[in-house]
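Undergrad: Whatever this is, show me its structure:
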Amino acid sequence: MTTHFEDFQKLGQEQLETMSAVAGSLAKGFQTIAAETAEYSKRSLETSKSYLEKLAGAKSLDDAVRIQSEYAKTAYEDLIAQTSKISDHYGNLAKEAFKPVEDIIAKSRSERQAA
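TA: Numbering: from 1, shown residues only. Predicted coordinates:
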């Protein structure tokens, strides 16, 4: 009887440690994503400010159209690059968050096979 209680207690401790590891991974991952998003927002504001200054200094309609086209192309490319980075971060976050759970499942399978 005592052995079963100790096994149950050990399992509970392992699960608590696993959930703590998962929570730590999630916090770290979300922190990375938030920092990356804040940096992108800062760059985007600086780019927009520069664009508006150039547009205000346009000498002709052709200049204004050229400046607008360059800005649109740059903004689009930056958005695509940022989206790709954030997507990679979310993928890494998922892998890191579920790694401790995968380890417990693998351990459980090997224990069952050994028994």
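
Undergrad: measure I33 to Y90 for me?
TA: 7 Å (C-beta to C-beta, to the nearest Å). Heads up, the C-betas are built off the backbone N, CA and C, glycines and all.

Undergrad: who's more crowded, those two?
TA: I33 (16 against 13; other C-beta atoms under 10 Å).

Undergrad: Show the model's pLDDT score for K54.
TA: If you check K54, the pLDDT there is 95.

Undergrad: check which helix or strand covers it.
TA: Secondary structure assigned from DSSP states H and E places K54 in helix 2-56.

Undergrad: helices or strands up against that helix?
TA: helix 61-114 (3 or more C-beta pairs under 8 Å, 6 or more residues apart in numbering; DSSP states H and E).

Undergrad: from the chain's centre, how far out does the helix it packs on sit?
TA: Taking the mean C-alpha point of helix 61-114 and that of its whole chain, the gap between them comes to 6 Å (C-alpha atoms, centre = their mean, to the nearest Å).

Undergrad: now for it, which elements pack on it?
TA: When contacts are defined as 3+ C-beta pairs under 8 Å, 6+ apart, helix 61-114 sits against helix 2-56.

Undergrad: Kindly calculate the angle that the helix it packs on makes with helix 61-114.
TA: With axes from the mean of the first three to the mean of the last three C-alpha atoms, to 10 degrees as the criterion, the two stretches helix 2-56 and helix 61-114 enclose an angle of 170 degrees.
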